[in-house]
Each structure stands twice: as C-alpha cells, then as structure tokens.
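Undergrad: Any chance you can model this:
(2 chains)
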Protein chains: 2
Amino acid sequence: MTAPVFPRVFFAIALCFISTASLAKDPLPSWNEGKTKAAIIQFVSAVSDEKNPGFVPVAERIAVFDVDGTLMNEKPIYLQANFLDFRVDDMGYKDPKIDKNPDILRFNERENWQDYFSKTPLDSIMKVYAITHTGMTQDVFAAIVEDYLQGNPQFLRTVYIPMRELLDYLRANGFKPYLVTGSETGFIRALSESYFGVPPEQVIGTSFKTSLEDKDGKLSILRLPEVGHYNDKQSKVLAIDLHIGRKPIFAAGNDGNAGDIYMLRYTTQTGGKPGFGLIISHDDDRRDATYTDKDGATMKAVGQYGWTKVSIKEDWKALFPTASNLSNPAIKNRR
Amino acid sequence: MTAPVFPRVFFAIALCFISTASLAKDPLPSWNEGKTKAAIIQFVSAVSDEKNPGFVPVAERIAVFDVDGTLMNEKPIYLQANFLDFRVDDMGYKDPKIDKNPDILRFNERENWQDYFSKTPLDSIMKVYAITHTGMTQDVFAAIVEDYLQGNPQFLRTVYIPMRELLDYLRANGFKPYLVTGSETGFIRALSESYFGVPPEQVIGTSFKTSLEDKDGKLSILRLPEVGHYNDKQSKVLAIDLHIGRKPIFAAGNDGNAGDIYMLRYTTQTGGKPGFGLIISHDDDRRDATYTDKDGATMKAVGQYGWTKVSIKEDWKALFPTASNLSNPAIKNRR
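TA: From the prediction side, this is the model:
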C-alpha cells in the first residue's frame, strides 16, 4: 500500500503550481473585456469564495449547458442532424429499400434543413432518428458514431472556443458541468469528452428506450425504436431533476430557439442558492450566423429574469479553434 | 482573482498529508484479514497503479452499489419500507379516508413484511408507493423525508461500517461510487450524502414520472403517481447505461434477493476493462440476520462468474457505528 504515495504527492504538488499559474492568467482569453465577461468572473469568484455571502460549496456547483448553438456552431445545421444525414445516406446505399420508407422519403426530399425541421411533424423526424439510431447495441452504435467523428474531424473546429474556455474556467473553480441537449444522448456522449472535456455521465439528452440482451453469456444493451425521453423546454428541467437531483447554479443556452428558457428559469429562480443564466445571442453574421427564435422569446426572458446576454459579435474575440477571423471552414463545406 | 490562491494551495498541501497519513493506515479497519479483504485491496491497487497492466484511468473508475442489504441492514425490513409505513400511518391519521383504499387496506392488514412483499402483486405495492410518495413537489417530498430522518436517527446506525469504509477507500483511490437501488430515488437522495457520502447525482433508483408546474412565476417539479422506472434486476443495468453511459468496473450487491446478478454480470463480463464483483452473504444470525434469495441464485452466480463473496460472519469485525458486538438497537426496536 505504499506504491501510490509518490504519484499522489506529486499530483498534489503539481496542483499547487497549476493553480497558482492559472490564476495569474486571464481565464477567458477569447472573451473581450466588458460587462459580460466581468459578470461571469464576478459570479464564479463569489460562489468560490468562502468569505463571500454568495459562497456555494463545491458539491453544489452544478452547471448545465445546452450544446447546439451554445457550445458549438449549429448553422447551417447542427452536428447531430449532419450525422442523421450521413446515416440515412449510408443505410440507403447499403439497403435501398430504406429509401422507400415514407419518413426517410420526406427527409431525403427536403428543400433545406430549416424547412424540414420547422415543417415536419416531430413524430416523423423521430422515426428517421429511430431508423438510423436504434436496432443495434450501444457498443455498435458508439462504434458507428466514433467512426463518423474520426472521418469528420472538421466538426471539432465548430466548437466555440470562448465556451470551451468557460467550461475549463468553471471546472477549475470546482463546478461540475453537464450537457443538457436535445440531441441524442449516445451521440453526444461519443464526443462530449473530446469536444468539451465532459464525461458521459454528465450528458443528458434525448434518449431511446433500451432492453437487455443476454446472448451466449454476454449482456448487451439494445437500442429500441421508441423514444424514452425527448429533451427540450420543460422536459430539460425534469431530466435535470431525474439525473442530478438538485438545482444547478449556472445555466447557459442560446436564443436560436426557445428550448433553454425553462432550464434557465429553473436555475436562476430565487429560493436559497444563487443562480446565473447565460444566453448566447447569435448576432454575428460574419463569423457565425444571425438568427433567433420565432418571437424573440429567449431575449425577452433575458430582460425579464436578469440573465446575462453574450453578444457573439461584441463579446467574443475568436470563435473557433483556427483562431483566425475566417469563417468556419466546416460550415463552408456543408450545404 | 488572487483570493482563491491560498485556500487552494492549502488544500493541495493538506491533500499531501492526508494521502500520506491514510496510506500508512489500514484502509479497511473493520474488515478481518483474509482473502476477501486481500482481493479488494489487490483489485483497487491494480487499477490505481499506472504501471500495472490492469490500470484504469480515474474517469473510468465507476463503482455501483446496491443499498438495502448491501450498504445497510435490511432486516426485519428495509428503510424505504419503514418510511412507507410511516407515511401510511401519518396520512391515514390526517385523513382516515385513505385507509379505505384497497391497496392501503392490504398494506395495513399485512401479517408481516416478508409475506406482504412476497405475496402482494407489484402493482398493488406500487400504488401504496404512489399514494404516499407522489402528488407533491420534489421540494415538499424532500422536506417530508428530511423530517422523518431527523426524527429517526437510529437508522444511521444500521449502515454497515465495513461498507462505509469501502466507499471511502474507493473514493480515496479515484473511484466514483453510485447507489443503484430498488428504493425510490428521491428518498435515497435525501440520505445518500449523510449515510454514505454520495451526492444526489450519483443515486439511481426507482422513480415516478414528474411534470413541471409553473405557478406565480415559480417552477416546481411535481411528482406524478405513475412509475417512470422500476429499478431491479435487468433494469438496473439499463439505468446504469442511461445515467452513467459506461460500464462500471466495481459492483457490489447482496444475496438477499436476486436483484443484483445482472448488474454484477454487466460489470464483470470480459471485453476490455477489468471488473470486480462483490456479494454480501447474509450468514450472521447474531449480529445481522441469515437469509438468501429463494433458490440461492446469487451465490450460484458468485461461483459461476468468479465474484468475491463477503461472509458477514467471517469477514467483518464490526457491523454498525456503535462499534460493539451488540445487536443493532435499531433492529430490536422494530417489529
């Protein structure tokens, strides 16, 4: 029992140096100075400071993040839907019968993504998901996604670097960040670590039901073509309660749809612990894309509930890992 | 941004001392020396040692524990059912109409716990749960459980001290322990921190469906009288997959019923990472109670899959926080 002493002591000493060094540096270098950055730092400093009346113990520093449009670019289309497109093409190539399915037909004959997602009944969209995302074990599905991601490394360059810095900054201050996404849980889990440094157990998404297969003495988890949980709006709050069991103190979403309002309201409503709400406003047509939810509900809520707005145009020095001012090449290459 | 330096440096230095000090001590003082204790220490040492071929990175050191009969005494009846009993009495006292409900009637007219749980249809049992555990917000329910636990501190003395030590030992070696229980999630979350040092987000149990109530500008999570997930046998594995998203490397259950076999099989089946299975055998009629599942299925599985058996009689020096050889007073006081 003496072997582990040296690595641990080394780790502890290394921690001292890392802490001291990182604190001397700007924790959010891709953020322009201004009231948005100041508000974030002020909140994180307050909850981390034992002498501050707003102090929150480490165990309660839960943060929740929407993914598409919040942690990464989602235009012209979000990554999960790109994968859906890949799966439909790949499965249709291997078995053309699949293309005759009415929901696949509708998917393949779309004019554009915007119309497809806004005008197709959710039930039909979820059937396309079921066809492409279920009917195999979790291990097989994970391997399919892994292969897709390895073949498409350009998507790593659609991650918003300022938000990756924010995740790191929160973690350095004892926060535990969760991804709370409308995308499918297994899909996001396959990239959460490499894209965002977030382990699979901190991913809460839309999920399909499963069953346990017991074959030749081996247990496998089979993905069934029936939605178990659709993670959007109110149901994001219910999923946070089911998976985490306590109110987050930090929540970030975006104004691209109205999907994050409840999650931010839940996080920031009074009743004990402090809560911080952050909304990314897609107002940069040069480096990102300009769009909002239909009736501007999210930005109205920002004013009503005192959340902090991030103007991509004003608040972010750089958007993507290329660290240049060029538009994201991943976007250019997609229809 | 300089304020947090000192606490962190202090924490890091403190960590050095704690690590060094704890490693010099026996990590499992309530366990008798022998092959069970040796097997546990050997496994934990191997996965924590970077030079060992069985090394597992910290992020993957997921451990899962059954609760009743594994982490605490469950005889004559498990804590969750004691609470059920309290709720039925309390609600019936306040509103005698409740006692006319056929499922409550059946519950109240039971001969004994053993018969009630083994002979009542699950549906009827879950109706008693629904009546007593739903129809209020999560906050109100948490307050009811908190009040019950504060009024019944004797249950803290039914926690198996050797298992509490094991949880601490695993945590000290980078493991993240989850409670995977048939008891209701919200109930176990109310005690997981104080009883076992486990935060609410690491509790996976049976759960009821919920809805989001939006009243006077405040969001609350309402507990609905419909079972969302019943956590037993195969479904424990599915819940581990949904909530954690990767295979645990350590699992502990008990032979009191056959509820943990799948969870241990899943954890220990080959295919990459190592896996350790631990089964508590209730073989001590003096300090605990002697019982097994109906056909001895769990102990058969121990032999078949090479799991490690804990004989309470042989392997544990002390069972309960009183640190004496007396029978648990909490048990004596219960019918």
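
Undergrad: what residues are up against the closest residue to chain B within the stretch 51-200 of chain A?
TA: Distances between the stretch 51-200 of chain A and chain B by CB to the nearest CB are smallest at A:Pro200, namely 3.2 Å. Just so you know, the C-beta spots here come from the backbone N, C-alpha and C atoms, and that holds for glycine as well. Listed by CB atoms under 8 Å, 6 or more residues apart in numbering or on different chains, the contact set of A:Pro200 reads A:189, A:192-193, B:244-246.

Undergrad: And for A:Leu278?
TA: Here A:Leu278 is in contact with A:40, A:250-253, A:307-308, A:310 (CB under 8 Å, 6+ apart).

Undergrad: And for A:Ile312, nearest residue in space, chain neighbours not counted?
TA: Closest residue in space to A:Ile312, ignoring its immediate chain neighbours: A:Asp284 at 4.1 Å, by CB to CB, 6 or more residues apart in numbering or on different chains.

Undergrad: hang on, the earlier thing: I'd like to know how far the residue of the stretch 51-200 of chain A closest to chain B sits from A:Lys218.
TA: Distance of A:Pro200 to A:Lys218, given as CB to CB, to the nearest Å: 21 Å.

Undergrad: any idea of the pLDDT on A:Ile13?
TA: pLDDT for A:Ile13: 44.

Undergrad: repeat for A:Pro321
TA: Reported pLDDT for A:Pro321: 84.

Undergrad: What helix or strand is A:Thr181 located in?
TA: Element membership for A:Thr181, per DSSP states H and E: strand A:176-184.

Undergrad: Can you get me a residue count around A:Gln138?
TA: 18 (other CB atoms under 10 Å in any protein chain shown).

Undergrad: what's near enough to touch it?
TA: A:186, A:210, A:220-223, B:241 are the contacts of A:Gln138 under CB under 8 Å, 6+ apart.

Undergrad: where's it relative to A:Ser220, distance?
TA: 7 Å.

Undergrad: May I ask you to confirm that A:Ser220 belongs to a strand?
TA: Yes. Using DSSP: H, G, I helix; E, B strand; the rest coil, the secondary structure at A:Ser220 is a strand.

Undergrad: so who does it touch?
TA: Counting by CB under 8 Å, 6+ apart, A:Ser220 has contacts A:137-139, A:212-213.

Undergrad: circling back to that earlier point, wouldn't the residue nearest to A:Ile312 be in contact with A:Asp315 here?
TA: No. A:Asp284 is beyond contact range of A:Asp315, at 9.7 Å (criterion: CB atoms under 8 Å).

Undergrad: Skipping adjacent residues, who's closest to the spatially most central residue of chain A in space?
TA: Chain A has A:Val67 as the residue nearest its centroid, 2.2 Å off, counting by CA atoms, centre = their mean. Spatial nearest neighbour of A:Val67, excluding adjacent residues (CB to CB, 6+ apart): A:Thr181 at 4.0 Å.

Undergrad: what does the stretch 101-250 of chain A put close to chain B?
TA: The stretch 101-250 of chain A comes close to chain B at residues A:138, A:173, A:176, A:185-186, A:189, A:193, A:199-201, A:203, A:207, A:210-212, A:217-219, A:221, A:228, A:234-235, A:237-238, A:241-246, as judged by CB under 8 Å from any CB of the partner chain.
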